[in-house]
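[1] Here you go, sequence then predicted model.
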Amino acid sequence: MTDELKKAAALAALAELETLTPDSFIGVGTGSTVNHFIDALASRGVRIRGAVSSSEASSKRLAAHGIPLASLDDAGELPVYIDGADEIDHGFNMIKGGGGALTREKIVAAAARRFVCICDEGKQVATLGRFPLPVEVIPMARIQAAREIVRLTGGEPRWREGFVTDNGNHILDIHGLVITDPPALETALNQIAGIVTNGLFARRGADVLLLATAAGMRRGERPPFPASIQFIPDP
């Protein structure tokens, strides 16, 4: 069922591209749900000029479908960025980076006017932290950064052994967090020397959530206050 929900969310994202002109570049994220989006983008023949990818894995998949790739320097500001989430709360703050592409994801998201998050209902939580928070670190700073993370958060950082990011760095996954103030924690972690960035997307959260549920697709827009969120079923 989960894979079917991922496919449903990916297909729903195509409607978010309907207002784009054929000379538009879009941002494309990373992960299993995004893979379905890339496949749908190609199979449905959506006309775009090309894509700015957040990972080598997504770049290979886009290229295999014949979708042109562009650098962010060449594409400039993007009208939309499509990506998934490992967790998303009711204020559209997210944890991302389970696939290790968090830094490039954050860069491409920052360049987009609109961030559309596609995911299944299992990714929505009341409070972030059940999914371990990824942190990308410079290799020489791994142990020092881990010590500082413990002091700051009380969480348990674990080295993702055998994994190297597309940027040549390491990942620490912080377990045992209950994140009640995502923007504050995002900022605080980024002040630790040796941390490239962390997987909290709160300063730049999603603008639109396409949530695939067993009862059907739901679409929501980022609310001014978390308590006011309402999901609107697609027609």
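    Sure, I can see it.

[2] The chain - how does it break down into domains?
    2-125+203-233, 133-199 (automatic domain parsing).

[3] Low-confidence bits of this structure, can you list those?
    1, 224-235 (pLDDT under 70).

[4] quick one: the helices in it?
    Ranges of helices within the chain are 2-13, 32-43, 56-64, 72-75, 102-110, 142-153, 182-189, based on DSSP state H.

[5] any idea which of those helices is most buried?
    helix 102-110 (a mean of 23; mean count of other Cβ atoms under 10 Å). Backbone N, C-alpha and C define where each C-beta goes, glycine included.

[6] Report all helices and strands that it contacts.
    Here helix 102-110 touches strand 25-28, strand 50-53, strand 81-83, strand 133-137, strand 195-198, strand 200-201, going by 3 or more Cβ pairs under 8 Å, 6 or more residues apart in numbering; DSSP states H and E.

[7] let's go with 7 Å and repeat that
    Helices and strands touching helix 102-110, by 3 or more Cβ pairs under 7 Å, 6 or more residues apart in numbering; DSSP states H and E, are strand 81-83, strand 133-137, strand 195-198.

[8] Any chance of the ones you listed in a markdown table with mean neighbour count as columns?
    Shown next, in a markdown table, are these (neighbours: other Cβ atoms under 10 Å):
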| stretch | mean neighbour count |
| --- | --- |
| strand 81-83 | 27 |
| strand 133-137 | 27 |
| strand 195-198 | 22 |
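
[9] Residue 89 is nearest to which of those strands?
    Closest approach to residue 89 among the helices and strands packed on helix 102-110 (Cβ to Cβ): strand 133-137, 13.1 Å.

[10] quick one: strands adjacent to that closest one?
    Looking at strand 133-137 with DSSP bridges, its partner strands are strand 170-175 (antiparallel), strand 195-198 (antiparallel).
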